[in-house]
Structures are given as C-alpha cells and as structure tokens.
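need coordinates for the following:
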Amino acid sequence: MKRDRRVKILATLGPASSDPETIEKLFRAGADVFRINMSHTNHERLAALVATIRSIETRVGRPVGILADLQGPKLRLGAFADGPVDLAAGALFVLDGDPTPGDAKRVRLPHPEILEAVEVGHHLLIDDGKVKLRCVEKRGHTIVATVVVAGRVSDRKGVSLPDTDLPIGALTEKDRADLDAALAEKVDWIALSFVQRPEDLAEVRKIAKGRAGIMAKIEKPQAIERLGEIIELSDAIMVARGDLGVEMPLEQVPALQKRISRACRKLGKPVVVATQMLESMINAPVPTRAEVSDVAIAVYESSDAIMLSAESAAGKYPVEAVAMMNAIAEATERDPTWRQIVAAQRTEPEATGADAITAAARQIGETLNVAAIVCLTQSGSTGLRAARERPFTPVVALTASPAMARRLALVWGVHCVVAADARDVDDMVDRACRIAHGEGWARPGQRVIVVGGVPFGTPGSTNMLRIAFVGADGSGAL
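Just a heads-up that it's a prediction; the model follows:
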C-alpha cells in the first residue's frame, strides 16, 4: 500500500477511535502514525493500543509509527469555596500557597516554585487565556495581580505563564513513569511537552538511549528564544499551535509556524504541524473552508506531517476527518504551484558526503525522470537526508530494522520497506530494483537511483550513488 502524497498524517487515538476496527479504518483512510496522548492514557491502555496497532501493521504489511505524547507539567489553580467566581476588569486578585478554599479575592496556586518565579509585570493566563492577570506586587510567595481580561474562574483551571521562565523541567514524575512504560512497549516517537530550553531534552535522551525518536513540542515563548538549540538536540519538532497561541499573541503564530518549519527543514529534522487543523469536524462531517486552507498551507510549506487531535480522538467523524485531510493533501500536492513553492524553499546541502550524495540523487532523479530514489539506510540518516532535499521523485527507504522503518513513517515523502541488508553492490542494485518494482513505484524499463553506503551495514556511511534499469522481471542492472 502506497500513499499518493508526500506529507504524512498523524492521527490521535481516543474514546472515538480506540477499537481495532476504527484504528484500521483510520490507517486505510490515510493515517501514517498514531498519537497516544499520555494525559488520558494509563499504562494498561497504552499496552493494549500498541498491541492493536502492531497487529494491524502485520495485517496491512506496512510500517506504522506510534507517538507517545507525554503530558508535561500542568499548572492549575486550587479550589473555590462556593463554586466559580467572576473576576471584574481592574480588580485585584491574589494567588498564594494557603490551602484554604478560594473566593472572589484570592485562591491557592499549589506550585511554590511558580509563586517564587513570577515577577512584577508578568502575566498569568487562566483557562487557556480566557482570563488574564498581571502581577502588580509580590509579598514573599504571594502574588497580587490585577485583572486585565475579565471572566469566570473555577476549580483546577489551568494556568499559563508566558513571561516567566519556569524553574521546573519538562519531565514530571508522571512523565518519567509514562516514558518508561512507552519505551517498554517499543513506541517509535516520544513527544516532550512544554519544552523551554535545550536542557529539557537531556533527561529524556538519557533515559531513552536511542530506543525512540525524541520530538520537542514548541508551545512556549521561551522555546522560541532558543529554537535553534532545541532543534539541534531533537529528532523532530512539533509546532503545537494551541498552547503557543495561548502564551503568545495569536497573530504571531502563523509566522512562527513558517519560521519553525523552515528551520527544521534546513537542519533535516522532521516537523509536525498540530492543533485545530480540522477542529469543526469534531462535530460536523465537513470542515470549514478556512480549515481546508490551513491544512493546505502546511502542505505547501512541505511540513513532514500534519496532525489531528480531538478530531480523530473524540470527534463524531474520526475516519472522515483523516480521509478529508488525506484528500486535501493529495489535491494540494497535485497543484503545479506546490512544486514551485517546494522547489523555491530548498536549501543548500551541508558539506557532508551524505548531503552531497542525496542532493545529487534529487538533481539526477529530476533530470532523468527516474521512477524512484531507493535509499539503503540503517540508522535512518540517509532517508532523512534524502527527504531534506524534498525531491519530487518518490523516495523508497530500505532498512533491515522494523523500528527504523516505523520511525521513518513520519518523514516527508519516504516510503519505508523492511528488507535484509545487501551482500554486495550487485545485490544492493538488484534488491533496490525488485522492491521498487514490487511496491509499485517502478515499471520494467524505467530507471531508479540507488543510494547507499559501503561498507554495508555501517550507519552514516552514505557514499555511493548508482543508476539502474528495472528489468522485465523486476531485477536490476547497472
């Protein structure tokens, strides 16, 4: 089964889409990777979902990626004595460590490190920014704030701090337990929430030890300030537009999306665009025209993947949402303007052998109109570098590692096939042609480009490019 598009689709599983039948329908409708939100998933449920996805993978004969999304630190208000309270604009409101239930004048903020870190002038956003406060005075570990945007607050509402560098890591105790469980189930990607600084990735990397790719979610202003360093230390990036739009002015989010996407592409790191892409399909069978345009823009940017959240996890039309996203992506990539935009966004290859080879493969592929670029990859780096070039020629990645094939399922334009390592150059060429033919990418008489490294089986040794003809029986010849 091959997709008629380069961009990949990431679908979140949830109450509306956790049974085996629906998950398989989601895959057949277009989902390439499944996201499991650890905020709402216990370890027993995680194991069951992974087992279901792996059984579907066996049945459909294609690598399917799994992303475990860690919850991250959740900051919440305490309780109110008499239910919700309405805060008027200009009124003073106090946040402190007193466990006494709150009222219209004060409430507990059960995070002493936050009470200490917030400074005069910093803003506090309650309930996804529906209520906005500004600190006007500090009395020890007590914050005196004025109400900038009025509204209702109630028990356990979330608190965001766009101006404050939080003195806490991105990995909580719950996250550590969830990370261990996800790694034990051999998921392919780990998403780390509320990353502020490059150091937030260090602990996850130390625990993961390469067993899963690490994806940093960009959803805080502090992460934007150190974006380059975070991308360098991550295996992939998610533009989490929901929380980013809460903590930063909404009008800045589109430009940030483009900035992050292009920075990732320059460094050859996969980028996922997420949140509210087809939000109306939670309750409606068709999206709004603006949502269709939003998805198309991410495809024009040649993002590696576009993600559905509540649309596929809890909506009324999970399969229809994936099918709609697939249809939008296919239609966008058929537009001649898409090719012009993708070509204009290409960056110069880095001064490495792998980049030189994959850049040459793209150029030769388009000059000779070859059927496919077949990459032999062990560590995944050759597949990633080939995708970085954004070739219009299909990329088929051959790897002996099922885990690597699943990880590459997230990457733009890469069709992954699990195959044994080649014995020698002739075997490499023959294997590449047979698989390109068998997977439906090349016909007899067409040419393919074969990219690999000698000695075989050595990660990161991409140093060879061959042009081969597909024989009448699918075999290869130089």
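
any stretches of this protein with poor pLDDT?
In the predicted model, the chain carries pLDDT under 70 at residues 457-458, 460, 477-478.

per the record, what domains does it have?
Following automatic domain parsing, one finds the domains of the chain at 8-72+170-334, 85-160, 353-477.

can you give the distance from the last one to the centre of its chain?
So that's domain 353-477. Relative to its chain's centre, domain 353-477 lies at 24 Å (Cα atoms, centre = their mean, to the nearest Å).

still on that earlier bit, the domains of the chain: which one's closest to Gly78?
Shortest distance between Gly78 and the domains of the chain, using Cβ to Cβ, is found for domain 85-160: 3.2 Å. C-betas here are computed from N, CA, C, even on glycine.

what about the residue nearest to Asp103 when sequence neighbours are not counted, how many residues nearby?
Once flanking residues are discounted, Asp103 sits nearest to Ala81: 5.8 Å by Cβ to Cβ, 6 or more residues apart in numbering. Number of residues near Ala81 (other Cβ atoms under 10 Å) recorded here: 10.

run the chain-centre distance for the host helix or strand of Arg28.
For Arg28, the host element (DSSP states H and E) is helix 20-29. How far helix 20-29 lies from its chain's middle: 20 Å, per Cα atoms, centre = their mean.

repeat for stretch 27-35
The chain centroid and the centroid of stretch 27-35 are separated by 13 Å, computed with Cα atoms, centre = their mean.

over to stretch 45-63?
Distance of stretch 45-63 from its chain centroid, counting by Cα atoms, centre = their mean, is 20 Å.

tell me which residues are up against it.
Applying Cβ atoms under 8 Å, 6 or more residues apart in numbering, the contact partners of stretch 45-63 are 1, 13, 18, 20, 23-24, 27-28, 34, 36, 38, 41, 64, 66, 68, 178, 181-182, 185-187, 402, 405-406, 408-409, 416, 418.

of those, which belong to strands?
Leu13, Phe34, Ile36, Ile66, Ala68, Cys416, Val418 (DSSP state E).

count of neighbours near the residue nearest to the fifth one when sequence neighbours are not counted?
Okay, so that is Ala68. Nearest non-adjacent residue to Ala68, counting by Cβ to Cβ, 6+ apart: Ala182, 3.8 Å away. Neighbour count for Ala182, taken as other Cβ under 10 Å: 30.

kindly report the same for Val395.
Residues near Val395, counting by other Cβ under 10 Å, number 30.

for the one 5 residues further on, same thing?
Number of residues near Ala400 (other Cβ under 10 Å) recorded here: 15.

measure the residue lying closest to it once chain neighbours are set aside to Glu251 for me?
Residue nearest to Ala400 in three dimensions, not counting chain neighbours: Asp421, with 5.0 Å by Cβ to Cβ, 6+ apart. Applying Cβ to Cβ, to the nearest Å, the value for Asp421 to Glu251 is 51 Å.

Ser401 now?
With Cβ to Cβ as the criterion, Ser401 and Glu251 are 44 Å apart.

just Ala419 next, same as before
If you measure Ala419 against Glu251 using Cβ to Cβ, the figure is 48 Å.

compare neighbour counts for the two and give me the winner.
Legend: neighbour count by other Cβ under 10 Å for Ala419 and Glu251, higher for Ala419 (17 against 8).

is it true that that one touches Thr399?
Yes. Judged on Cβ atoms under 8 Å, Ala419 makes contact with Thr399 at a distance of 7.2 Å.

where do the strands of the stretch 301-450 of the chain begin and end?
Using DSSP state E, counting those that start in this stretch, the strands found in the stretch 301-450 of the chain span residues 305-308, 372-376, 395-399, 414-418, 447-453.

redo those strands as CSV? Include distance to Leu46.
Shown next, in CSV, are the strands of the stretch 301-450 of the chain (distance: least, Cβ to Cβ, whole Å):
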stretch, distance to Leu46
strand 305-308, 19
strand 372-376, 32
strand 395-399, 25
strand 414-418, 23
strand 447-453, 36
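
one step back: dump the domains of the chain into TSV; add distance to Gln340 as well.
TSV is the format used below for these (distance: least, Cβ to Cβ, whole Å):
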stretch	distance to Gln340
domain 8-72+170-334	10
domain 85-160	38
domain 353-477	11
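
just give the nearest non-adjacent residue to Pro99, would you?
Nearest to Pro99 is Arg108, by Cβ to Cβ, 6+ apart, at 5.8 Å.

what's across from the one you found in the sheet?
Asp96 (DSSP bridges).

list the residues that contact Glu185.
Contacts of Glu185 by Cβ under 8 Å, 6+ apart are Leu46, Ala47, Val50, Ala68.
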